[in-house]
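**Q** below are the sequence and a predicted model; questions follow.
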Amino acid sequence: MRKSIFTAILVLVVTLSTVPVHAMNMVENGGFESGNLTGWVANDIGISVHPTMWAYDGSYAAEISPHENLGTLKQLIPTETGKAYELSYYLRSAGGANEFITSIDGNKYMDLHNFGQDYTNYSFTFSAISPLTELAFASQQEFGAFLDNVTVTPVPEPATLLLLGAGLFGASFMKRRIKS
Ligand SMILES: [Ca+2]
């Protein structure tokens, strides 16, 4: 009987801690695996999606190659006002001079210049101010850059962490009782 309760708690804890991670990405087509710009609005013909050996993950990445002016790639993300979210993405250059600006709701979070050819993960935490948050990348490249795995995920609230912690404590407590 105790063992079955322990198993039930363990299953619950494992479910809570593993399942929602991928399901909660609010970005549509953030890994560009649709093979096109579905979900995104691009204002420059230098921004495209195609199969590339330079994808960070999967077969596709967005190639960001506006040469003349800053080209933008945008998406409206469904968010809950007042809630905290984390934006994360992977970016690499194809070489040469470059600039890559990250903005959330019109606020500039990072203005990156002359980044390198190794994929680097960038992440930012923000608080949503409306039910739709505008994520915008603006870029100008001498040769080009690749963007992949764009995610916006809710930052777990203390209550959720507390629940998870209580579950883990409960599971270890039950385990100890079973052993004794
Ligand atoms: Ca991808």
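**A** Received, thanks.

**Q** same for the strand or helix carrying residue 103, what does it pack against?
**A** Using DSSP states H and E, residue 103 maps to strand 98-104. When contacts are defined as 3 or more C-beta pairs under 8 Å, 6 or more residues apart in numbering; DSSP states H and E, strand 98-104 packs onto strand 84-93, strand 107-113, strand 120-127, strand 132-141. Every residue, glycine included, has its C-beta placed from N, CA and C.

**Q** helices or strands up against the helix or strand that the last one is followed by?
**A** Pointing back at strand 132-141 there. Counting by DSSP H and E, the element after strand 132-141 in chain order, helix or strand, is strand 145-154. Under the contact definition 3+ C-beta pairs under 8 Å, 6+ apart, strand 145-154 sits against strand 60-64, strand 84-93, strand 132-141.

**Q** deepest of these, which one?
**A** strand 60-64 (a mean of 24; mean count of other C-beta atoms under 10 Å).

**Q** pull up the pairing partners for that one, direction included.
**A** In the sheet, strand 60-64 lines up against strand 47-51 (antiparallel), strand 145-154 (antiparallel) (DSSP bridges).

**Q** any idea how far apart the tips of stretch 126-136 sit?
**A** Stretch 126-136 has an end-to-end distance of 14 Å (criterion: C-alpha to C-alpha, to the nearest Å).

**Q** what does this protein put close to the ion?
**A** 31, 32, 55, 57, 58, 60, 148 (C-beta under 5 Å from the ion).

**Q** now these: which count as buried?
**A** 31, 32, 55, 60, 148 (16 or more other C-beta atoms under 10 Å).

**Q** ok, the second one touching residue 61?
**A** Okay, so that is residue 32. Yes - using C-beta atoms under 8 Å, residue 32 is in contact with residue 61, at 5.8 Å.

**Q** shared neighbours of the two, which are they?
**A** By C-beta atoms under 8 Å, 6 or more residues apart in numbering, residue 32 and residue 61 have these common neighbours: 49, 55, 147, 148.

**Q** correct me, but the last one touches residue 61?
**A** It refers to residue 148. Yes - using C-beta under 8 Å, residue 148 is in contact with residue 61, at 4.1 Å.
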